[in-house]
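Colleague: no FASTA, just this:
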């Protein structure tokens, strides 16, 4: 009996030993430093090696021979998990720092607003008391007393002590605007603060001049931010020149500078502005860096005698930048711009442009903060390069295009520009520059000096009831609607080794297609930089096999309809296919600036200036008796400025001038035609299409589309509560699926699309009728449509499988499913058209 028990214990002991060995095999393996180093090298090359790669690793590394492949697999899994946790932890720490800084900024903003409320309450009580007194005439002196320039300090501006006194006063007034209640700030429309927003933006409500304010978090050090902002020509596109005449140290460690600045005029209808200012840079006791500025009295520095008549002296009221360092890196920046642009010096119809704080906010304040954030992202490596170009090079291209376009619009005499045979009654202004040479950098090999010079044809006009963003998008996407390919070919050929082909150019046919290749964009995509290839073919047999393609470098900005006060631009210049970083540029293009309409505005104000008569016939749609407030887009007005530059040889000056004048007039005519076509569609943000009374099919078609969908598929396309009156059209327009309607012809063309459909095709209602059904499908999509077409016509509807279609810009669009159905007229027997709904579409 004892022997049996002993034998049982031995068996149990042996069994336990084997179990322990099995458990040991699955335990965590402690790797040596050499083994970890070998595994890390492989992980750097391939974070997720295959089974074969892991076995190969064991064979190639003897130090890993005692480790099982399964254990190595577990090591790589753990390593990937640690890497993911590390990245997530770093991301969360960054987000936490950003939210902490934003929270601090919002708390300070809240404190400022509470102070402002208290100030207004006290002011309200004071005004109530004054109403009961005899001397109640000066009830509005509380605001201007803080923001105007003290006259006693200006009398001491001729000596350093007086300048220091002015600088200290400027600092105090600026800080009261940046963090105090000196200005009654209101939130900029359409710019809501949040963790993903660029910053907090506000505009002045009731103070002298125009003012805007921005607050934001930037991942750069204060000194770097101050250096960028003081270099105003690098980020402020309207700045022509900034020159520091005098700089001397202040007694508290700061610096005082006397600065002369020139800014471009945005249109051909107004003079440019210049400023004579004092700029004060200092550090506060809390470590914040301040750069503040204000105008000085007296003439000071000024433009050259040749260009003196082209400038109006404007005033900078105390403004500047407050930059505070953040814990953990980065800075919180407050920007205040406060100007008096002397609106009296421009035609009355343009004065809203010079009296709008929204325009100043978009052109200066918001632009400054966006530029700094762009630099910060480029510094951190977050920006994706385009076609191998460095961000600084792309930024320089954009700046050169914008500056060249501004030079053409303004035509300053001290740059060599002069007006050619203009009696003041010409609708198109022709200016020439005989000394113009195209050079941008230090490379003289890429400098073009023209024998005759450069000629610019330019004009300005008023456009009504057309959102600038919509018009610019159309001009960008449908160049063939307004451009002449042979004129583009002339400009492109002239830039190649100075050859001048006009008027004996070889005839070329434009195929109508353009390919847009993106180079880069700003952080919020408010500006796009791209290369455009225009495809052309020669009409002569001997050149039939030669490429006639033209390449343009182009910037497009202001395409967001919700950006209040934003300027929309399309500026381009011909380039070689392989253009160097310092390629010469001769920019042309369009600029559309919205004007804030006033209730008292009348139609008579449109003829204030002769050049505005170009749009006197631009009465979009039939005349109606609607009140001005009936539609949110009814009285929108914009200033459209067009400028085209052409190089010329001296003996061809008259020919090129005639061609340029005729071409700009034809472009104006095309833009007017496009505007008339776009405006009746009523593309008002948030409202949807509201077709003109001459097109009653819109509402009727919406009803037919919805009713036919229910008739064929037994389901509702729209919500039941939206099937009455005009709400059908509105809800169909805002439907999340892309809904398109095409005609029943031998070659079906589209006749209607909702907003999602236009977005998917990247087109407009105007250009929609130029698109045929077969153009949007790829080969497999066309086959699926052809196979299901008999079923569609027989039973009235068909489901198309998931597939790929193409936008008008050549981009691929994927969709999960497409539904096609016949749209029946009211009698339910006549087929009016075919409708397609693309479900869950997205760009590939």
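Modeller: In hand now; what should we look at? Because the structure is predicted, anything quoted here is derived from the model rather than measured.
Colleague: where does the stretch 551-700 of the chain dip in pLDDT?
Modeller: Where the stretch 551-700 of the chain drops to pLDDT under 70, the residues are 597-635, 679-697.
Colleague: what does the stretch 301-450 of the chain give?
Modeller: Scanning the stretch 301-450 of the chain for pLDDT under 70 picks out 382-389, 422-426, 436-450.
Colleague: how about a cut-off of 50?
Modeller: Filtered on pLDDT under 50, the stretch 301-450 of the chain yields the residue ranges 439-442, 444.
Colleague: which parts of it are strands?
Modeller: In the stretch 301-450 of the chain, the strands defined using DSSP state E, counting those that start in this stretch lie at 311-313, 315-316, 319-325, 331-340, 417-419, 429-433, 437-438, 448-449.
Colleague: nearest to residue 104, out of these?
Modeller: Closest approach to residue 104 among the strands of the stretch 301-450 of the chain (CB to CB): strand 331-340, 7.3 Å. Bear in mind the C-beta positions are built from the backbone N, C-alpha and C, glycine included.
Colleague: from the chain's centroid, how far away is that closest one?
Modeller: Here strand 331-340 is found 21 Å from its chain centre; the criterion is CA atoms, centre = their mean, to the nearest Å.
Colleague: not counting its neighbours along the chain, what's nearest residue 189?
Modeller: residue 564 (4.4 Å; CB to CB, 6 or more residues apart in numbering).
Colleague: who wins for proximity to residue 190 among the strands of the stretch 301-450 of the chain?
Modeller: Here strand 331-340 is closest among those (CB to CB), at 18.2 Å.
Colleague: packing partners for that closest one?
Modeller: Contacts defined by 3 or more CB pairs under 8 Å, 6 or more residues apart in numbering; DSSP states H and E place strand 331-340 against helix 69-131, helix 160-178, strand 210-218, helix 222-230, strand 315-316, strand 319-325, helix 366-380.
Colleague: quick one on the thing from earlier: dump the strands of the stretch 301-450 of the chain to a markdown table, plus mean neighbour count and distance to residue 66.
Modeller: Formatted as a markdown table, the strands of the stretch 301-450 of the chain follow (neighbours: other CB atoms under 10 Å; distance: least, CB to CB, whole Å):
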| stretch | mean neighbour count | distance to residue 66 |
| --- | --- | --- |
| strand 311-313 | 17 | 83 |
| strand 315-316 | 22 | 76 |
| strand 319-325 | 24 | 54 |
| strand 331-340 | 25 | 54 |
| strand 417-419 | 16 | 82 |
| strand 429-433 | 21 | 80 |
| strand 437-438 | 16 | 71 |
| strand 448-449 | 14 | 71 |
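Colleague: my guess is residue 565 meets residue 352, correct?
Modeller: No - under the criterion of CB atoms under 8 Å, residue 565 is not in contact with residue 352, lying 10.3 Å apart.
Colleague: of these two, which one has the most company?
Modeller: Neighbour count, other CB atoms under 10 Å: between residue 565 and residue 352, residue 565 has more, with 24 against 21.
Colleague: residue nearest the centroid of this structure?
Modeller: The centre of the chain sits closest to residue 526, judged by CA atoms, centre = their mean, with a distance of 1.1 Å.
Colleague: what pLDDT is listed against that one?
Modeller: If you check residue 526, the pLDDT there is 82.
Colleague: from residue 92, how far out is it?
Modeller: Residue 526 sits 29 Å away from residue 92, going by CB to CB, to the nearest Å.
Colleague: next: residue 822.
Modeller: Applying CB to CB, one obtains 54 Å for the distance of residue 822 from residue 92.
Colleague: neighbour count: the two, which is higher?
Modeller: Using other CB under 10 Å as the criterion, residue 822 and residue 92 rank with residue 822 on top: 20 against 10.
Colleague: buried set for the helix or strand encompassing the more buried one?
Modeller: Element membership of residue 822 [criterion: DSSP states H and E] is strand 817-824. Neighbour-count burial for strand 817-824, counted by 16 or more other CB atoms under 10 Å, picks out 818-824.
Colleague: packing partners for that strand?
Modeller: helix 697-713, helix 779-795, strand 797-800, strand 831-839.
Colleague: quick check: residue 427 touching residue 665?
Modeller: Yes - with contact defined as CB under 8 Å, residue 427 counts as touching residue 665 (7.3 Å).
Colleague: got a list of what residue 175 touches?
Modeller: Residue 175 is in contact with 290, 322, counting by CB atoms under 8 Å, 6 or more residues apart in numbering.
Colleague: again, only using 7 Å
Modeller: Residue 175 makes contact with residue 322, according to CB atoms under 7 Å, 6 or more residues apart in numbering.
Colleague: need the helices for the stretch 251-400 of the chain, in chain order.
Modeller: All helices of the stretch 251-400 of the chain, identified by DSSP state H, counting those that start in this stretch, fall at 351-354, 357-360, 366-380, 391-410.
Colleague: what do you get for the stretch 551-700 of the chain?
Modeller: Using DSSP H, counting those that start in this stretch, helices in the stretch 551-700 of the chain cover 653-678, 697-713.
Colleague: show me the contacts for residue 822.
Modeller: Residue 822 touches 708, 712, 796, 831, 834, counting by CB under 7 Å, 6+ apart.
Colleague: now do residue 835 against residue 811, distance only.
Modeller: Relative to residue 811, residue 835 is positioned 23 Å away (CB to CB).
Colleague: one step back: how about CSV for the helices and strands packed on strand 817-824, with distance to residue 590 and mean neighbour count added?
Modeller: Listed next are the helices and strands packed on strand 817-824 as CSV, based on distance: least, CB to CB, whole Å; neighbours: other CB atoms under 10 Å:
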stretch, distance to residue 590, mean neighbour count
helix 697-713, 29, 19
helix 779-795, 36, 14
strand 797-800, 40, 18
strand 831-839, 32, 20
